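Enquirer: This is the structure alone, sequence omitted:
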């Protein structure tokens, strides 16, 4: 039924997603990409929303970075979690600030 899909706990153990997907704290419906730091709403597309996100240029770039030098993303994660002003920045500003690159292809 359109608009009724929610986060599926099986995604946490599915090889295709387990490296980067997480549950959004406080919202049982959404998934979060741990690489891109982006919330994914499967409400209308279901699992296809994850597949679509995984095809994005930024996601692919970050996945490659994770495999070549996992420490880079761990440092970014620490900086992001320690930054109280993160919510006041746009997503594009966050990526520029943390040296991840622009989200546009």
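Expert: It's in. Just so it is clear, the model here is predicted, and its values are computed rather than measured.

Enquirer: in the protein, which spans are strands?
Expert: 21-23, 31-33, 38-40 (DSSP state E).

Enquirer: Columns distance to residue 51 on top of those strands, output as CSV?
Expert: From N, CA and C alone the C-beta is placed, and that goes for glycine too. Output for these, formatted as CSV (distance: least, Cβ to Cβ, whole Å):
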stretch, distance to residue 51
strand 21-23, 11
strand 31-33, 12
strand 38-40, 10
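
Enquirer: Same list, the ones you listed, but as JSON lines with mean pLDDT please.
Expert: Below are these laid out as JSON lines (pLDDT from 0 to 100):
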{"stretch": "strand 21-23", "mean pLDDT": "94"}
{"stretch": "strand 31-33", "mean pLDDT": "94"}
{"stretch": "strand 38-40", "mean pLDDT": "94"}
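
Enquirer: Skipping adjacent residues, who's closest to residue 40 in space?
Expert: residue 31 (4.5 Å; Cβ to Cβ, 6 or more residues apart in numbering).

Enquirer: ditto for residue 62
Expert: residue 35 (4.1 Å).

Enquirer: Contacts only, for the residue nearest to residue 40.
Expert: 7, 11, 21, 22, 23, 24, 39, 40, 42, 49, 50 (Cβ atoms under 8 Å, 6 or more residues apart in numbering).

Enquirer: one step back: point out the most buried one among the strands of the chain.
Expert: Stretch with highest mean neighbour count among those: strand 31-33 (a mean of 22; mean count of other Cβ atoms under 10 Å).

Enquirer: so how far is residue 22 from residue 36?
Expert: Counting by Cβ to Cβ, to the nearest Å, the separation of residue 36 from residue 22 is 11 Å.
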